[in-house]
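In: Structure, please.
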Amino acid sequence: MSNPTWDILMLLFFFSAVFIYGLFAGRNKTIVLLLAAYPATLLNEYFPYPAGFLSRFNVSQVIFLRVFSFFVLTLIIFWILGKTGLSRKEVNRKTGQIIFLSFLSVGFWANIVLGYALKADSEIVKLTPVTQFLFGSNWAHFIWLVLPLLALFYIKRK
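Out: You can find the predicted model right below:
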């Protein structure tokens, strides 16, 4: 993880994956995927690991476990929310909204993943200055938590 471009490559991968998913799945499923990440983040933060469980792993393994469990929880909650009818098919595909929602999803997910990495050990995880500015501070975390919610409020009104 000491290569200074790993964080930029991760952001590009996230954006590509979510953007392609958004184009194929549509706006509503992209919104549901974004909404599923919020409770997944909360559940993952307070997940009751057995005493001493995480201490058996090195820092990289703990980061991987936290990120993996976040994505698994996101998919489970996405599946549950999808069963409620929130992800119904839409006839009018709004590509601009899908691109914007993809961008917000990537920012939110990167915020969560990099937050896990920085909480584990900021000496091992080195971010580029741009990534540190965008995702490494408390203000950045707060903005990435609130910005998607504001966008969803605005998009819902359209």
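In: Enumerate the positions of stretch 58-70 that are buried.
Out: Neighbour-count burial for stretch 58-70, counted by 16 or more other CB atoms under 10 Å, picks out Val62, Ile63, Leu65, Arg66, Val67, Ser69, Phe70. Bear in mind the C-beta positions are built from the backbone N, C-alpha and C, glycine included.
In: and Leu134, how far is that from Thr128?
Out: According to CB to CB, to the nearest Å, Leu134 stands 10 Å off from Thr128.
In: Who has more neighbours out of those two?
Out: Neighbour totals were compared for Leu134 and Thr128, and Leu134 leads with 19 against 14 (other CB atoms under 10 Å).
In: Mean confidence (pLDDT) on the helix or strand where Ile99 lies, please.
Out: Following DSSP states H and E, one finds Ile99 within helix 95-120. Taken as a whole, helix 95-120 has an average pLDDT of 85.
In: ok, now which ones touch the most centrally placed residue in the chain?
Out: With distances taken as CA atoms, centre = their mean, the residue of the chain nearest its centroid is Trp109 (1.6 Å). Applying CB atoms under 8 Å, 6 or more residues apart in numbering, we find Trp109 in contact with Phe14, Val18, Ala37.
In: Need the contact partners of stretch 53-69.
Out: Here stretch 53-69 makes contact (CB under 8 Å, 6+ apart) with Met1, Asn44, Phe47, Val113, Tyr116, Ala117, Ala120, Asp121, Ile124, Val125.
In: Give the PyMOL command for selecting the buried subset of the residues you listed.
Out: Selection command for PyMOL covering only the buried members of these, criterion 16+ other CB under 10 Å:
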select buried, resi 44+113+116+117+120+125
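In: Report the two of the contacts of stretch 53-69 separated the most.
Out: Taking CB to CB as the measure, the contacts of stretch 53-69 span a maximum distance of 23.1 Å, between Met1 and Phe47.
In: Toward the C-terminus from the helix holding Ile99, list the very next helix or strand.
Out: Tracing the chain past helix 95-120, the next element assigned as helix or strand by DSSP H and E is helix 129-135.
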